[in-house]
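> Dropping a prediction and its sequence here:
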Amino acid sequence: MKTTIPKPEQIIRKWFVVDAAGRPLGRLAVEIAKILRGKHKPLFVRHIDIGDFVIVVNAGKVRLSGGKAEEPIYRHSGYPGGIKSISRGKMLATKPDQAIIRAVKGMLPHSTLGSHMLKKLKVYAGPEHPHEAQKPEKLSL
């Protein structure tokens, strides 16, 4: 059996809108990563970016289950003694778009391919987005 590689003219990208209100962060991130990666398409190849664009609205209303709101998130400035932490609940309250981007980024390939896929993710804290011209489809998860 021969493996088919999709040609650039075969790749058709769509735009999807996801409402994050009341959804658990991890389960939402899994579905978003699947669409960004292109795993929902029959032409999926793991070394080519064939995924679609995803717009996430109401990012400020996403849920964290269990005791995850108190879990720390660590980052380092690169200087000695430069480790900093913030709780997941506080990050979700102050920067809900960054919290979702961080969760989705961890589920994509850790290479330049993953960086290209992440650029197709648009996250907004409120219910409005400026991408009406692309005619996005509502995605039911």
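Structure received.
> just checking, what's the longest helix in the protein?
helix 25-37 (DSSP state H).
> Enumerate every residue touching the most centrally placed residue in the chain.
When the chain is reduced to its mean C-alpha position, the nearest residue by Cα atoms, centre = their mean turns out to be Val104, at 3.8 Å. Listed by Cβ atoms under 8 Å, 6 or more residues apart in numbering, the contact set of Val104 reads Ala29, Ile32, Ala33, Leu36, Leu118, Leu121. Backbone N, C-alpha and C define where each C-beta goes, glycine included.
> Counting neighbours, show which residues of the longest helix of the chain come out buried.
Going by neighbour count (16 or more other Cβ atoms under 10 Å), the buried part of helix 25-37 is Leu25, Leu28, Ala29, Glu31, Ile32, Ala33, Ile35, Leu36, Arg37.
> Just the mean pLDDT for it, thanks.
Per-residue confidence for helix 25-37 averages out to 97 on the pLDDT scale.
> who does the next helix or strand after that helix pair up with?
Counting by DSSP states H and E, the element after helix 25-37 in chain order, helix or strand, is strand 53-57. With DSSP bridges as the test, strand 53-57 is paired with strand 15-19 (parallel), strand 121-123 (parallel).
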